[in-house]
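J.: Here is the input, now give the coordinates:
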Amino acid sequence: DFSDVSPQFTVAYHIVPKEPVYITATRGFKAGGFNSASPTGREAYGEEHSWNYEAGAKTSWLGERLSANAAVFYLDWQDLQVNVPSPAVPGQFYIANAAGATSKGVELEVNARPMPGLDLFGVVGYTDARFRSGSVSSGAEVGGNKLAHAPDYTADVGVQASRAVSRSMTLFARAELVRYGDYQYDDANTRGQTAYSLTNLRAGVRGRRAFAEGWVRNAFDTRYVPIAFAYNPGLAPSGFIGESGAPRTFGVRAGLSF
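T.: Next up, the predicted model:
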């Protein structure tokens, strides 16, 4: 049995309506449990706790044609639950508790409408997520290592345009570039994925009750491996086996509303 109290405290001040400056603190909780398969002595794992702190501001400019939001955050985990590869069964994982970890970073979001029918947007974030000193994963000391699958930075920028061609029909197009920084595949930071970018495109037509569009994801067919895990070196020479990211993908979509 597990029970917990997860309070949240927030203080906000509105400089002007719809433009707050805020500070928030939240205590998080994740129950423990049992592993369906694990090494002897690792059948159960304990609860996880965290304190999450965030401060930021939301602003609007030029008659709401430009908005800018910024935030800084700090997360402090205790007894962080991590997925650990089973040494006896390649590809099998179980959950265990590491000593702790922290994650801190900043995020900036900007949306602009320089003219009717044209929207620009962008979000950029930086994160430094690491295990605390004394943390152990798979029986090894991982203090100071980066948390797995936590990119150093992320960015999402793009443009969307629309144009009315009649009272009931609008053409639209959207282009988006998503960027992921370096990240590690495992807690020991043995191997990882280098930074990569994905370009997504979409265009179509909207009416009062119907729409049709075509889209392409990963337009430049970027090759990347979003997730990988430790595997028997005798079967995988690199000691890891991974899943390739989706290649260039096309599609169409249409719908009616009533």
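J.: make it CA atoms for all contacts and neighbour counts henceforth
T.: Will do.
J.: Quick check: chain neighbours aside, which residue is closest to A68?
T.: V110 (4.5 Å; CA to CA, 6 or more residues apart in numbering).
J.: Show me what that neighbour is bridged to.
T.: A68, G122 (DSSP bridges).
J.: and it, what does it touch?
T.: L66, S67, A68, N69, F121, G122, V123 (CA atoms under 8 Å, 6 or more residues apart in numbering).
J.: what sits against the nearest residue to the second one once chain neighbours are set aside?
T.: Right, S67. Spatial nearest neighbour of S67, excluding adjacent residues (CA to CA, 6+ apart): S60 at 4.3 Å. Counting by CA under 8 Å, 6+ apart, S60 makes contact with E19, L66, S67, A68.
J.: Looking at those residues, which is nearest G204?
T.: Set against G204, the nearest of these by CA to CA is L66 (25.6 Å).
J.: phi, psi of the nearest residue to that closest one once chain neighbours are set aside?
T.: Of all residues beyond its chain neighbours, the one nearest L66 is A112 (4.4 Å), with distances taken as CA to CA, 6+ apart. Here the main-chain torsion angles of A112 (degrees, to the nearest 10) amount to phi -140, psi 150.
J.: Check which residues of the helix or strand where A161 lies are buried.
T.: A161 belongs to strand 153-166 when assigned by DSSP states H and E. Neighbour counts over strand 153-166 (16 or more other CA atoms under 10 Å) mark Y153, T154, A155, D156, V157, G158, V159, Q160, A161, S162 as buried.
J.: pLDDT at the second one, what is it?
T.: pLDDT recorded at T154 is 97.
J.: and the residue nearest to F258 when sequence neighbours are not counted, how many neighbours?
T.: Nearest non-adjacent residue to F258, counting by CA to CA, 6+ apart: R209, 6.8 Å away. Residues within reach of R209, counting by other CA atoms under 10 Å, total 11.
J.: Likewise for P233?
T.: 12.
J.: just G41 next, same as before
T.: Each residue near G41 was counted by other CA under 10 Å, and the total is 6.
J.: Then the one 10 residues further on?
T.: Counted by other CA under 10 Å, the residues lying close to W51 total 18.
J.: Over to the one 10 residues further on?
T.: Residue neighbour count, defined by other CA under 10 Å, stands at 10 for W61.
J.: dump the residue contacts of it.
T.: Taking CA under 8 Å, 6+ apart, one finds S67 in contact with W61.
J.: what's the pLDDT at it?
T.: So, for W61, pLDDT stands at 89.
J.: how close does it get to S257?
T.: Applying CA to CA, to the nearest Å, the value for W61 to S257 is 35 Å.
J.: can you check N189 too?
T.: Distance from N189 to S257, by CA to CA: 49 Å.
J.: Give me the more crowded residue out of those two.
T.: Between N189 and S257, counted using other CA under 10 Å, the more crowded position is N189 (14 against 8).
J.: Fine, thanks again, bye for now.
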